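Asker: Quick one, structure for this:
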Amino acid sequence: MQQTVNIALNPKEASSEKDCILALAKHIGIIPERIKKIRILKKSIDARHRDISINMNFQVFIDEVPELIEKPNFEYQFIGNKEPVIIVGAGPAGIFAALRLIELGFKPVILERGKDVSERKKDIAILCRENIVNPESNYCFGEGGAGTFSDGKLYTRSNKKGNLQKVYEIFNFHGAPDEILYEAHPHIGTDKLPEIIKNIRSTILNCGGEINFNCRVDGLKIESGKVKGVFVHNGTIYKSKAVILATGHSARDIYKKLYENNVLLEAKTFAMGVRVEHPQELIDNIQYHGNQYKEYLPAATYNLAEQVAGRGVFSFCMCPGGFVIPSTTAQNQVVTNGMSASNRNSPFANSGIVVEIKTEDLNPYNNHGVLAGIAFQENLENIAWQNGGRSQVAPVQRLADFINNRKSSELPKVSYFPGVVSSPLHHWLPEIISQSLKEGFKKFNNKMYGFNTNEAIIIGVETRTSSPVRIPRNKETFCHTSLKGLYPCGEGAGYAGGIASSAMDGENCAEKVAMALKNNL
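Answerer: Residues are numbered from 1 along each chain as shown. Take a look at the predicted model:
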């Protein structure tokens, strides 16, 4: 007999299968020996009160030993001789578009400006140790996109239509841990993601697809108002009736080339700010209320959002037990982001704290037209570079000092590997960002008392939260609104945010492309 049971356990009980079985037996009203097997279906933490509980949903097998529970399995067909579809970019949107095209009987041809994940690691090491930026291979560009070297968060609030569970199952099929199939806020970790990305690459290649690294797309081949392929940096032309543009939000040269060629683009709101880093123990104590079972709980997270004078101020990409990383794509910029390993055991907790930037804020950059937001980003990144010592050394200020307009005389230990220097961010950050952050931090402290402390630092700057540009597409066909054959996709096109929603958008885009090609549209 099988039974589905919802039960709330304390953290210690939830950490042990034996204790789970004892609690389930008591809940059902049977002796523990009758339970032959349990399987977790859902798991979430409720830390709203001092007595923290773990909400669990189990499949319980009573008086029977179940057959082997099969893991998600996908059988991808060989498509080496099928019609090709060009995909620009090998981030989550691009590789999931490729996998879906294979399922639908088309040959994906991925063109990725960066290197494969193994070679990419070498360039990242040089960036962190020697402050030398490879503009084509870094934390943003290369196999797997920016998500490869991140916390690997798969949770999304996106209301994008798509099969989110399938995204989790595909990751699991390619090596991600089983926990992502049932945890409320699943993550993979930067230590595991590279191997998973390699496995996805193997699937694509074994099915006859193509992946071309060190292959930067420099232009579109357009004939009679239709995209017929792309030009790459070495002069090679790749031809296809459809091009999925999944370049990510940091491929600014793509926006500029589209703009120069009069391809319709739209400015959109985005966000910029800083990355804040606390001791993880401090965040644990705030969020877990000093709970007696804290040792059985994961590194605590937070999610903060407030309105300041009609402008959103919010946390972004919170990385518990993580590290702050240099996420620039050019030598004269400082850009920060965060990442965590799967066990999230660093002594630091970091998050972007960013401010909503509206299109009306971009008036000083109006000479850049629809690319004004990019100009604003680049200018702030350059200011951070100048204030960080004109290298990847980052400008830093203690959090309470920032709120009180004081330069920090000394700094605590930080996780940012290239190094930091004390700098008065309150002085040189644009006023709309600086003032909004100060008021936002004060409101955050009302929700998480102790958040505003000089044990915490802010690191400048966090600018790549999302694209300031949208590449418009038809809501039904996903084709560009004025250029047939071009299918904008993912974060870079302005239709996703994060790994999971980008992957879903890639799958959805591939389905629209397949439908158009089958119907000769």
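
Asker: Extract the C-alpha set from stretch 229-242 and format it as CSV.
Answerer: The C-alpha trace of stretch 229-242 is given here as CSV (Å, rounded to 0.1, in the frame of the first residue of the first chain):
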residue,chain,number,x,y,z
GLY,A,229,22.3,33.0,-41.2
VAL,A,230,25.1,34.7,-39.3
PHE,A,231,28.6,36.1,-39.9
VAL,A,232,31.3,35.1,-37.3
HIS,A,233,34.4,36.9,-36.4
ASN,A,234,36.7,35.0,-38.8
GLY,A,235,34.5,35.7,-41.8
THR,A,236,32.8,32.3,-41.9
ILE,A,237,29.1,32.3,-42.8
TYR,A,238,26.7,29.9,-41.1
LYS,A,239,23.4,29.5,-42.9
SER,A,240,20.0,28.6,-41.5
LYS,A,241,16.4,29.6,-42.0
ALA,A,242,16.2,30.4,-38.3
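
Asker: And it, what's buried?
Answerer: For stretch 229-242, a neighbour-count test (16 or more other Cβ atoms under 10 Å) marks 229-230, 232, 238, 240-242 as buried. For the C-beta atoms, the positions are set from N, CA and C on the backbone; glycine is no exception.

Asker: With stretch 435-446 instead?
Answerer: 435-441, 444-445.

Asker: Could you export that stretch as PDB, keeping only the C-alpha atoms?
Answerer: Listed next in PDB are the C-alpha coordinates belonging to stretch 435-446 (Å, rounded to 0.1, in the frame of the first residue of the first chain):
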ATOM      1  CA  GLN A 435      20.100  57.500  -1.600                       C
ATOM      2  CA  SER A 436      17.800  54.700  -2.500                       C
ATOM      3  CA  LEU A 437      20.200  52.100  -1.100                       C
ATOM      4  CA  LYS A 438      20.600  54.000   2.200                       C
ATOM      5  CA  GLU A 439      16.800  54.200   2.700                       C
ATOM      6  CA  GLY A 440      16.400  50.600   1.500                       C
ATOM      7  CA  PHE A 441      19.000  49.300   4.000                       C
ATOM      8  CA  LYS A 442      17.200  51.100   6.900                       C
ATOM      9  CA  LYS A 443      13.900  49.400   5.900                       C
ATOM     10  CA  PHE A 444      15.700  46.000   5.500                       C
ATOM     11  CA  ASN A 445      17.000  46.400   9.100                       C
ATOM     12  CA  ASN A 446      13.400  46.600  10.300                       C
END
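
Asker: which residues sit against stretch 431-447?
Answerer: Defining contact as Cβ atoms under 8 Å, 6 or more residues apart in numbering, one finds that stretch 431-447 is touched by 272-274, 304, 306, 308-309, 311, 313-314, 353, 355, 357, 361, 399, 402-403, 425-426, 429, 451-452, 458.

Asker: for stretch 68-81, same thing?
Answerer: With contact meaning Cβ under 8 Å, 6+ apart, stretch 68-81 is reached by 39, 99, 101-103, 105-108, 169-170, 172-173, 178, 181, 203, 206-209.

Asker: Mind jotting down where the helices sit in the stretch 151-300 of the chain?
Answerer: 164-173, 193-206, 252-260, 280-288 (DSSP state H, counting those that start in this stretch).

Asker: C-terminal to the helix or strand harbouring residue 435, what's the next element?
Answerer: In this structure, residue 435 sits in helix 431-447 according to DSSP states H and E. Counting by DSSP H and E, the element after helix 431-447 in chain order, helix or strand, is strand 457-462.

Asker: Within the sheet, what are the partner strands of that next one, with directions?
Answerer: Here strand 457-462 has these sheet partners by DSSP bridges: strand 270-279 (antiparallel), strand 394-398 (antiparallel).

Asker: wait, what's in contact with residue 429?
Answerer: Per Cβ under 8 Å, 6+ apart, neighbours of residue 429: 274, 380, 437, 460-461.

Asker: Which stretches in the stretch 1-150 of the chain count as helices?
Answerer: 11-14, 17-28, 92-104, 117-130.

Asker: Out of those helices, which is the most enclosed?
Answerer: Stretch with highest mean neighbour count among those: helix 92-104 (a mean of 28; mean count of other Cβ atoms under 10 Å).

Asker: helices or strands up against that helix?
Answerer: In terms of contacts (3 or more Cβ pairs under 8 Å, 6 or more residues apart in numbering; DSSP states H and E), helix 92-104 is packed against strand 84-88, strand 107-111, helix 164-173, helix 193-206, helix 490-493, helix 499-518.

Asker: Identify whichever of those lies nearest to residue 31.
Answerer: Nearest of the helices and strands packed on helix 92-104 to residue 31, taken as Cβ to Cβ: helix 164-173 at 33.9 Å.

Asker: quick one: that closest one to chain centroid distance?
Answerer: In this view, helix 164-173 has its centroid 16 Å away from the chain centroid, taken as Cα atoms, centre = their mean, to the nearest Å.

Asker: How about stretch 73-91?
Answerer: Put simply, stretch 73-91 sits 23 Å off its chain's centre (Cα atoms, centre = their mean).

Asker: buried set for it?
Answerer: Buried residues in stretch 73-91 (16+ other Cβ under 10 Å): 79, 82, 84-91.

Asker: One more: stretch 154-173?
Answerer: So for stretch 154-173, counting by 16+ other Cβ under 10 Å, buried means 154-156, 158, 160, 162, 164, 166-173.

Asker: on that earlier part again, can you tell me which of the strands paired with strand 457-462 comes nearest to residue 373?
Answerer: strand 270-279 (5.9 Å).

Asker: got the angle for that closest one vs helix 280-288?
Answerer: Interaxial angle of strand 270-279 relative to helix 280-288 (axes from the mean of the first three to the mean of the last three Cα atoms, to 10 degrees): 100 degrees.

Asker: can the strands paired with strand 457-462 go into TSV with extra columns for distance to residue 27 and mean pLDDT?
Answerer: TSV is the format used below for these (distance: least, Cβ to Cβ, whole Å; pLDDT from 0 to 100):
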stretch	distance to residue 27	mean pLDDT
strand 270-279	38	98
strand 394-398	49	98
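
Asker: right, and these - which one's nearest residue 500?
Answerer: Closest to residue 500 of the strands paired with strand 457-462 is strand 270-279 (Cβ to Cβ; 19.1 Å).

Asker: Domains in the chain, by residue range?
Answerer: By the assignment in automatic domain parsing, the chain contains the domains 2-62, 84-265+471-518, 267-462.

Asker: Greatest separation within the buried residues of stretch 229-242: which pair is it?
Answerer: Comparing all pairs in the buried residues of stretch 229-242 by Cβ to Cβ, the longest separation belongs to 232 and 241, at 17.9 Å.

Asker: what about the strands in the stretch 201-350 of the chain?
Answerer: Assigned by DSSP state E, counting those that start in this stretch, the stretch 201-350 of the chain shows strands spanning 210-212, 217-223, 226-232, 237-239, 243-245, 266-267, 270-279, 305-308, 311-319, 322-326, 336-340, 348-357.
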